[in-house]
Each structure stands twice: as C-alpha cells, then as structure tokens.
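K.L.:
Curious how this folds, go ahead:
(one chain, ligands or ions: 1)
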Amino acid sequence: MKKHNFSAGPCILPQEVFQQASQAVLDFNDSGLSILEISHRSPAFVKVIEEARNLALELLNLQNKGYKALFLQGGASMQFLMTAYNLLNKKAAYLNTGTWSSKAIKEAKLFGEVIEAASSKDKNFNYIPADYSIPEDADYFHCTSNNTIFGTQMKSFPQTEVPVVCDMSSDIFSRVLDFSQFDLIYAGAQKNMGPAGATLVVIKEEILDKVKREIPSMMSYKVHIEKESMFNTPPVYAVYVSLLTLRWLKSRGGISAVEERNAQKAKLVYDEIDRNPLFKGFAAVEDRSAMNATFNLTDESNKDKFDEMWKEANINGLSGHRSVGGYRASMYNALPLESVQVLVDVMQNLEKKA
Ligand code: PMP
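P.N.:
Now for the predicted structure:
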C-alpha cells in the first residue's frame, strides 16, 4: 500500500511522474532506447533540457526578462559557493535564518566580507527577522525563502537596490511571487521539482561579469550559460524527471493553482496543531511555512504512542530534524490533501486515547 509521504526531501513527486519516468527507463519516447543510454548531445535529450529550461522560466513568469535557467550539479550546497565565487567582490549581506543560510555564509566568507544583516539564531531560528537594513554598497543580498528544517518561510522580501540572491530549494514552484525581484534563484531539485541530482539556477544575466577574480569553468555561470547548460554531461535523468514534474505542474494550472492546494493543506495541519492541546507549533505563527510544518508534543510521554499511531496509519517521514526535535510534516506540491487529513485524524485519535 502506498504511504503518505511527509518526507522533507527527497520527497513525494506526482504518481504520474513516477510512472512516466519508469517507462522512460525502459523505452524513451518509443525510441527503442532507455533515457539512461542515450547521448546527452542527442537531439532527443537536447529537446528535453531546452523544454525544461524554458518551462522553468515560463512557470516563474520570467520569460523574455533577461533571465537564463540552468540545470547544474552539486546540489544547492554547490550554489552556496558558486554564488559568492561569481558575485562577491568585496562584501555581501546575508540574512541568517537557519542551517542552510549559515552554510551559505560560511562558504561566502572564503570570497570576501560577509555582513549578517540579521539573524534569528537567538531563538533557534523559529522566526524570520524583520526590520533590518542592507548596506547599499553590498555586492548582493542573500536569503533563504523557506527554512526546511525550522519550518519558517519568508512572506515578503526586502526592497533593495542591490541584487537579491535567494535559495528557494524547499519552496520553489509552490507559491506565486514576483520572481523578477530576484536576480539569482537557486534550488536543489529534490523537493518540488524532481529527483536529487539537478539544481535549478535562474540568473538575470546582467548581474554577471562584475567580479575581478578568475573563475574556473565549472564554477562559472557565464560558461554554463554560453554552453546552454551542457558544458559537461548534465544529470540527464534528473533533468528529464524534472521536466515531467514541471509539465505536471503546468497541466494542473501552474503555480497559482498549486499554491491554493498548498494553502489548504497548511491550514488543515496548523489548525489542528493550534486546536489540539497535545501539540504545539515550533515556528512563530506569522512566519509559518506552508511547506514544512514543525511541531512538538506538549507532553513527551505521548511520544511512543503517537509514533506508533502515525506509522500504523502508513505515514512516512514525520520525524523532525535533530536540531528541532519533535515532528515535521513536509507538504510539498505533490502531497495530496488526503494525506494531511490522515495525519490530522491520527492527531485527533491520540487526543481521544491520551
Ligand atoms: N537549502 C535548503 C533550503 C535546503 O532545504 C537544502 C537541503 N534540504 C539545501 C539548501 C542543501 O541542498 P543540497 O543537499 O541539494 O545541497
């Protein structure tokens, strides 16, 4: 029986994507060849990566606005250093909202001065700082739109003249934003886009060419743009499955339609966390993430019972990250509302039994 998969990433993808992806392993587009055995330079795959790059820009409403989309390797973690390598001359400002921001800051320090515009470390990153300023002479401002581990999400972004770089690994394609307010967006594929192994990078080209250092080819956005994301062998299968997921998203009404479904799921689980005396939310209410709901038991003596009950209900991946403890319900685009209802039912049943 299929599980209700609340895993934080890699995570659930649409069932039809799993089916199409497995078919392509056996026979890609009736070619008599598997997607795994064709050349990345073959016309069939060049078509795949071109469609994926265009569809990513289309869904983000960034077509014909000076942006390029790339599928790179090395995960979002590679982007922590690649962004700084390509953009940091003297100093950059970072908003520190958790583990991933902290890791990005650590890498950027190898390339120049890093100013922490604000940090929520004082409260174990359970909120998003407000009221901070960004130095006008910063080369860029970096933020993390959704903090996967702590379950916080930025609801607005600072208005600034400096280029804005955003790690959207765990909420890309989940909600409508004016994506043109960002100059560089990156996201590991393995949440809302596809399997691990590909990283989407969307760059406004005009921000490049400003640093003085030499950049090795594999680290250079410019090189990857010139080579249309095919400087070396791209992660063929991860790009293909990402394309299938992006097609699925488009066929389901795009980001605005999925945002509505995501809001319903988030409301269902947060309403129960707030209503049920056995649970309390971890993140500050106004900063709660629609993707990752983090919560704890009010009485730890219920832990064994609750753990047994959700596992029995066929739920997977609900344990919280070790730095927060408790539970984390990750509700990415492909997770059906019914799965969230199953979780809420278990929470209510625990209350009846406790
Ligand atoms: N940023 C965020 C917001 C993440 O959630 C993650 C991974 N879960 C990363 C960066 C690191 O991504 P990767 O493992 O692809 O390097």
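
K.L.:
rest of the way, CA atoms for contacts and neighbours
P.N.:
Will do.

K.L.:
Kindly report the residues of this protein close to the ligand.
P.N.:
75-77, 100, 146-148, 167, 169-170, 188 (CA under 6 Å from any ligand atom).

K.L.:
Make a markdown table out of those and add secondary structure, distance to Lys106 and neighbour count.
P.N.:
A markdown table is the format used below for the residues of the chain next to the ligand (DSSP: H, G, I helix; E, B strand; the rest coil; distance: CA to CA, whole Å; neighbours: other CA atoms under 10 Å):
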| residue | secondary structure | distance to Lys106 | neighbour count |
| --- | --- | --- | --- |
| Gly75 | helix | 16 | 19 |
| Ala76 | helix | 14 | 25 |
| Ser77 | helix | 11 | 17 |
| Trp100 | helix | 10 | 21 |
| Asn146 | strand | 19 | 29 |
| Asn147 | strand | 17 | 28 |
| Thr148 | coil | 18 | 26 |
| Asp167 | strand | 15 | 26 |
| Ser169 | coil | 18 | 27 |
| Ser170 | coil | 20 | 28 |
| Gly188 | strand | 19 | 31 |
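
K.L.:
For this structure, which segments count as helices?
P.N.:
Secondary structure of the chain (DSSP state H): helices located at 15-26, 43-59, 75-87, 99-108, 221-226, 236-251, 254-275, 303-312, 337-353.

K.L.:
Let me have those helices in a markdown table, adding mean pLDDT as columns.
P.N.:
Converted to a markdown table, the helices of the chain look like this (pLDDT from 0 to 100):
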| stretch | mean pLDDT |
| --- | --- |
| helix 15-26 | 98 |
| helix 43-59 | 98 |
| helix 75-87 | 98 |
| helix 99-108 | 98 |
| helix 221-226 | 98 |
| helix 236-251 | 98 |
| helix 254-275 | 98 |
| helix 303-312 | 98 |
| helix 337-353 | 97 |
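
K.L.:
got those helices as a markdown table, with distance to Tyr327 columns?
P.N.:
What follows is those, written out as a markdown table (distance: least, CA to CA, whole Å):
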| stretch | distance to Tyr327 |
| --- | --- |
| helix 15-26 | 25 |
| helix 43-59 | 32 |
| helix 75-87 | 24 |
| helix 99-108 | 17 |
| helix 221-226 | 38 |
| helix 236-251 | 27 |
| helix 254-275 | 11 |
| helix 303-312 | 10 |
| helix 337-353 | 12 |
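
K.L.:
residues touching Leu318, list them.
P.N.:
6-7, 327-330 (CA atoms under 8 Å, 6 or more residues apart in numbering).

K.L.:
Please report how far it lies from Asn61.
P.N.:
In this view, Leu318 and Asn61 are 33 Å apart by CA to CA, to the nearest Å.

K.L.:
Enumerate the positions of stretch 82-95 that are buried.
P.N.:
82-89, 91-95 (16 or more other CA atoms under 10 Å).

K.L.:
Pick the one among the residues you listed closest to the ligand.
P.N.:
Looking at the buried residues of stretch 82-95 and their distance to the ligand, the nearest is Met82, at 12.0 Å (CA to the nearest ligand atom).

K.L.:
Can you tell me the closest non-neighbouring residue to the closest one?
P.N.:
In this structure, Met82 finds its nearest non-sequential neighbour in Met219, 5.9 Å apart by CA to CA, 6 or more residues apart in numbering.
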